[in-house]
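J.: what's the 3D shape of this:
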Amino acid sequence: MLTAGGLVTGVSGLLHWWRIGMSLVALTVGIFGLLGVVGWFVRLGELERERAARRRR
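T.: Model prediction:
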């Protein structure tokens, strides 16, 4: 049988790991979001260069 103290320890441990997991998820999402924004700007720059090259011809 689980004692109240053991239950509290288990729950606080779970919350601790859950918080770590959530921050890892947030970090991963943030990194991928930054990569997406950078990729989007790079693509915009390439499109703009192509347009400028076409205008010159």
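
J.: ok now the helix or strand containing Leu15, how far from the chain's centre?
T.: Using DSSP states H and E, Leu15 sits within helix 4-56. Counting by CA atoms, centre = their mean, to the nearest Å, helix 4-56 is centred 1 Å from the centre of its parent chain.

J.: Could you list every helix and strand in contact with it?
T.: Applying 3 or more CB pairs under 8 Å, 6 or more residues apart in numbering; DSSP states H and E, one finds that helix 4-56 contacts no other helix or strand. Glycine gets a C-beta too; all of them are placed from N, C-alpha and C.

J.: So what's the residue count around Val25?
T.: Using other CB atoms under 10 Å, Val25 is surrounded by 10 other residues.

J.: Let me know the distance separating it from Arg54.
T.: Val25 is 43 Å from Arg54, where distance means CB to CB, to the nearest Å.

J.: same thing with Gly30?
T.: Counting by CB to CB, the gap from Gly30 to Arg54 is 37 Å.

J.: Show the contacting residues for the residue nearest in space to the middle of the chain.
T.: Nearest residue to the geometric centre of the chain (CA atoms, centre = their mean): Val29, 1.1 Å. Going by CB atoms under 8 Å, 6 or more residues apart in numbering, Val29 touches no other residue.

J.: So for it, what's the pLDDT?
T.: pLDDT for Val29: 97.

J.: What's the separation between it and Val38?
T.: Relative to Val38, Val29 is positioned 15 Å away (CB to CB).

J.: average pLDDT across stretch 48-57?
T.: Averaging pLDDT along stretch 48-57 yields 91.

J.: mind checking how far it is from the chain centre?
T.: 35 Å.

J.: Now do the buried residues in it.
T.: Residues of stretch 48-57 classed as buried by neighbour count (16 or more other CB atoms under 10 Å): none.
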